[in-house]
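Q: Sequence below, structure please.
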Amino acid sequence: MALKKDRFRGLFHGLLDLIVDPPVLHALPTARLYLLCFAYHRVHQINDNLIGAFIHLIAQYEKQAKLAADGAVQKAMTEASAHTYQGQVNATCTC
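A: Numbering: from 1, shown residues only. Next up, the predicted model:
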């Protein structure tokens, strides 16, 4: 049983040396800072892409709305001019 405990202790000492090695411990805050900066940069890139896609989508909606409005105006003008012409014809016929 004592042999297993010594092996176990030796295994964890080696692992502990890897984790708590002073150069590694010194590098951890720097690595965390790099990871934090990378994540911050990626979030900004994704946000910029989403904003660009949203602007493009809104521009397409505006274009479609303008075309639909122009078509509705043309249709209304055509109907109004047809009714006006019929009214003038009917007015001349009754006179």
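
Q: mean confidence score for stretch 74-88?
A: Stretch 74-88 shows a mean pLDDT of 78.

Q: Check which residues of that stretch are buried.
A: Along stretch 74-88, no position meets the burial threshold by neighbour count (16 or more other Cβ atoms under 10 Å). For the C-beta atoms, the positions are set from N, CA and C on the backbone; glycine is no exception.

Q: contacts for that stretch?
A: Applying Cβ atoms under 8 Å, 6 or more residues apart in numbering, stretch 74-88 has no contact partners.

Q: what bits of this protein have low per-residue confidence?
A: Scanning the chain for pLDDT under 70 picks out the ranges 1-27, 85-95.

Q: Kindly recompute the last result at 50.
A: The chain contains residues with pLDDT under 50 at 1.

Q: That one: helices as residue ranges?
A: Assigned helices in the chain, in chain order: 2-19, 22-94 (criterion: DSSP state H).

Q: Can you report how many residues lie near Ala69?
A: By other Cβ atoms under 10 Å, 10 other residues sit near Ala69.

Q: Next one: it from Ala80, what distance?
A: Distance, Ala69 to Ala80, by Cβ to Cβ, to the nearest Å: 16 Å.

Q: cool, and Asn49?
A: As for Asn49, its distance to Ala80 is 46 Å (criterion: Cβ to Cβ).

Q: ok, now Leu67?
A: Leu67 sits 20 Å away from Ala80, going by Cβ to Cβ.

Q: before we move on, what about His56?
A: From His56 to Ala80 the distance is 36 Å (Cβ to Cβ).
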